[in-house]
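Trainee: model this:
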Amino acid sequence: MKKFVYLCGMMLLCMNMMAQIDLNDDNWECFINENFSGVRYWDGHWEDQKDTIGYKPFWKCFADEIWGSGVTGSIRERHAYQRNNAVFDSNHTLRLIEELKSQSPLWCGEGYVPAPWNKYCHYCDSLHENQHPCVHYHTGMIESIDPVGYGYYEIECKMPLHKGAYSAFWFWSGLGQTYNEIDVFEHNKDLCPSNLNTETLSGIWFNPYGSNLHAITDEWGHILVPAAQRYSNHLYAIPENGPSLDEYHTFGCLWLPNQVTFYVDGRIVNEFDNPELIPPHPMWLKITHSEDIDAQVGLDENLDTIWGNWNDEMTINYIKGYRLKTDCSADVVIRNLSDFNGFQYKTKHTITMGGQNSTLTIPVGRNFTMRAVESIIIDGPFELPLGTQMTLMTHDCPECSMEGVELPQHNCPE
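Mentor: This next block holds a predicted model:
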């Protein structure tokens, strides 16, 4: 009886204490291991290409529907994303390069490239009379071609620290459904007012009323559809003895049905556990570097705004993604060592453990995690020797509620 009570207590402890995830856990599988090696270039669709037969591109340089021209939709921001500003470097890094193009607003159009590529290929210059009032800079971004779902995602990057630079690693829901964002980190002067050298912001955006981030109003300014709201907003500062953000740091996000956890350099810095406000569908993974209105550095004698002549970059060393393997309709019974050794580490519907005619003894030195949607039950003699670690978890099935989330593995070990 004491053994049973002890195991129940341990299960409750494990289910409620989600610390740094163990990527050696057999329940996880790699599906992104992007170290920017190999032959890469942007073709007419701004997609990541490789000569390997059957290779499915993972990244595109810019293509979200809300900003079809590559021009930002926010009045604060002052840039246009351009494919030549997302560079796969020979040093196996990705550089998102920002450059000042004009102190005067740039014209932006899509007449240079024949359809259907004009969705992806837009250019901005200052040679036309029609001007976009917001654009003064060219810069770079990449976005996953397919949406990605629940899992753990991590980036190692460094970023410029001057006023106006805006770097981010985030997920975006797209249009046509409830608006969601998960911001693993954002970094600019507006969001990190105290110390640009050390601060980043994480959080979740959610709009249950529609697919818009900002409120929709009529001609009199009355709100027709409310704006998205930010939840789990948290400002984190690198410890005083740590390197500033223009050196490499890792930023991670664990996204599951009932939990979103944010990490900086392996340390948990923010958690959110309201499932009603956690995105339940796949989203596009985005890495963006831009320039916003804080790049104003003053006024000249003609009272025209002067834009900072920044020519900087956000540098990404790697991006990794892991997802939980699932078999959420399976009920598994483990009665002996053979059953235990043959267990497939995937999220199950139920798991029942315990010997019937003899004690089920787990081998010494094993470190394993079992996950189930409905229950994990110990209903027979069971022994866990000293030196063996067992973690038992129950949670919703970590599959997103939209078709098309199965992606090929990208650069993951066989």
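
Trainee: which strand in the protein runs the most residues?
Mentor: strand 311-324 (DSSP state E).

Trainee: strand partners of that one, parallel vs antiparallel please.
Mentor: Strand pairing for strand 311-324, using DSSP bridges, gives strand 28-34 (antiparallel), strand 94-100 (antiparallel), strand 151-158 (antiparallel).

Trainee: dump the ones you listed into JSON lines; add distance to Asn357 as well.
Mentor: Quick note: C-beta positions are derived from backbone N, CA and C, even for glycine. Converted to JSON lines, the strands paired with strand 311-324 look like this (distance: least, Cβ to Cβ, whole Å):
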{"stretch": "strand 28-34", "distance to Asn357": "34"}
{"stretch": "strand 94-100", "distance to Asn357": "58"}
{"stretch": "strand 151-158", "distance to Asn357": "40"}
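
Trainee: can you give me the end-to-end span of stretch 161-181?
Mentor: End-to-end distance of stretch 161-181 (Cα to Cα, to the nearest Å): 24 Å.

Trainee: keeping just the C-alphas, turn the helix or strand containing Ala372 into PDB.
Mentor: Element membership for Ala372, per DSSP states H and E: strand 367-378. Extracted C-alpha coordinates of strand 367-378, given in PDB (Å, rounded to 0.1, in the frame of the first residue of the first chain):
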ATOM      1  CA  ASN A 367      15.300   7.200 -17.400                       C
ATOM      2  CA  PHE A 368      12.000   7.200 -19.100                       C
ATOM      3  CA  THR A 369       8.800   9.200 -19.600                       C
ATOM      4  CA  MET A 370       5.300   7.900 -20.300                       C
ATOM      5  CA  ARG A 371       2.500  10.100 -21.500                       C
ATOM      6  CA  ALA A 372      -1.300   9.400 -21.800                       C
ATOM      7  CA  VAL A 373      -4.400  11.400 -22.600                       C
ATOM      8  CA  GLU A 374      -6.900   9.700 -20.200                       C
ATOM      9  CA  SER A 375      -5.000   8.000 -17.400                       C
ATOM     10  CA  ILE A 376      -1.900   6.100 -16.200                       C
ATOM     11  CA  ILE A 377      -2.800   3.400 -13.700                       C
ATOM     12  CA  ILE A 378      -0.600   1.300 -11.400                       C
END
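
Trainee: and it, what's buried?
Mentor: Phe368, Thr369, Met370, Arg371, Ala372, Val373, Ile376, Ile377, Ile378 (16 or more other Cβ atoms under 10 Å).

Trainee: for stretch 305-313, same thing?
Mentor: In stretch 305-313, counting by 16+ other Cβ under 10 Å, buried: Trp307, Gly308, Trp310, Asp312, Glu313.
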